[in-house]
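Participant: Sequence and predicted model, in that order:
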Amino acid sequence: MQIQLSPDLKLSRIVQGHWRLADWKLSNQQLLKLTEQSIELGVTSYDHADIYGNYSCESLLGDALSLKPSLRNEIQIISKCGIKLKSDKFPERKLKTYDYSYQHIVDSVENSLKNLKTDYLDLLLLHRPSPFFNPEEVARAFSDLKQRGQVLNFGVSNFNSQQFEMLNSYTDEKLVTNQVEISPYCLEHFENGNLDFFLKERIKPMAWSPLAGGRLLNPQSEKGQKIFKVLFEIAEELELQYIDQVIYAWLLKHPVGMLPIIGTSKIERVKTAVGALAIEMNHEQWFRIYEATGANMP
């Protein structure tokens, strides 16, 4: 199942995230096989960033795709730019900074294309909002990248509604999504107005860390344990074997049209996430999970 983000961009409802790709220790052939199996399940969209894996993850996907170049036409590649990490690859850097200058955005995209061994990105996101931000330079970079055919669509990540609207007022191409952290553990974007803004503007957000970095599956805190208890009860009610499937179903049920980003090297986990698309969670079950976080309904 795919969802339309712009006239020329459809992403799979479940997105495979490659933040931890370097940690998976897959050979090129193994990653190619995982990608092919995921595509067969309908997972065709792949989320990257230039900095992932200390600037290594894009190349890992690119090397795998080079074994079967025709696969590029079956997938959508998303990447991000803007964060400059302290790294052994950039010994001149003294601290982490954010850089949204025209030249850095253009250079980052060209490096991403080289690493991914592709001619274009389906979607480029600005990784995080910056206290030093010139929207005119960003808009000029977006315009040039679009004209060159190097980036087809643009969006942001971790922006609030005001930051989103501010940048959108400068760009020729309307921003198509905002990638934010959403899970039963993290209700920030319910509370700060972002979900209402997405609904108002018909924006389909991408949801990163839907399992709260494992804090929902292996809870260590009182909050995590309370949520897990409710998730377990609902899994039993729905006759589901896996807690993560309940979490994905909770995200997918929301009318905003979230795209959960999973991150797994196990095809069985991909199947579990895709299976959540068919789960019918009722209204009361959804609210039980929402209130398990400690949210109070007035």
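Facilitator: Nice, I can see it.
Participant: Helices of the stretch 101-250 of the chain, residue ranges please.
Facilitator: Remark: helices assigned in the stretch 101-250 of the chain by DSSP state H, counting those that start in this stretch are 102-116, 135-147, 161-168, 188-191, 194-201, 222-237, 243-253.
Participant: Pull the second one out as PDB, backbone CA atoms only.
Facilitator: The reference is to helix 135-147. What follows is helix 135-147, C-alpha atoms only, in PDB (Å, rounded to 0.1, in the frame of the first residue of the first chain):
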ATOM      1  CA  PRO A 135      15.300  30.400   4.100                       C
ATOM      2  CA  GLU A 136      16.300  32.300   1.000                       C
ATOM      3  CA  GLU A 137      19.400  30.200   0.600                       C
ATOM      4  CA  VAL A 138      17.500  27.000   1.300                       C
ATOM      5  CA  ALA A 139      14.900  27.900  -1.300                       C
ATOM      6  CA  ARG A 140      17.500  28.700  -3.900                       C
ATOM      7  CA  ALA A 141      19.200  25.300  -3.300                       C
ATOM      8  CA  PHE A 142      15.900  23.500  -3.500                       C
ATOM      9  CA  SER A 143      15.100  25.300  -6.800                       C
ATOM     10  CA  ASP A 144      18.400  24.500  -8.400                       C
ATOM     11  CA  LEU A 145      18.300  20.900  -7.300                       C
ATOM     12  CA  LYS A 146      14.800  20.500  -8.700                       C
ATOM     13  CA  GLN A 147      15.700  22.100 -12.000                       C
END
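Participant: Quick one: distance of it to the chain centre.
Facilitator: Offset of helix 135-147 from its chain centre (Cα atoms, centre = their mean, to the nearest Å): 22 Å.
Participant: out of the helices of the stretch 101-250 of the chain, deepest packed?
Facilitator: Among the helices of the stretch 101-250 of the chain, ranked by average contacts under mean count of other Cβ atoms under 10 Å, first place goes to helix 243-253 (a mean of 22). (C-beta placed from N, C-alpha, C; glycine too.)
Participant: Not counting its own residues, what contacts that one?
Facilitator: The contact list for helix 243-253 (Cβ atoms under 8 Å, 6 or more residues apart in numbering) reads 13-14, 182-184, 207, 210-211, 216-217, 228, 231-232, 234-235, 238, 240, 258, 260, 262, 269, 272-273, 275-277, 279, 281, 286, 289.
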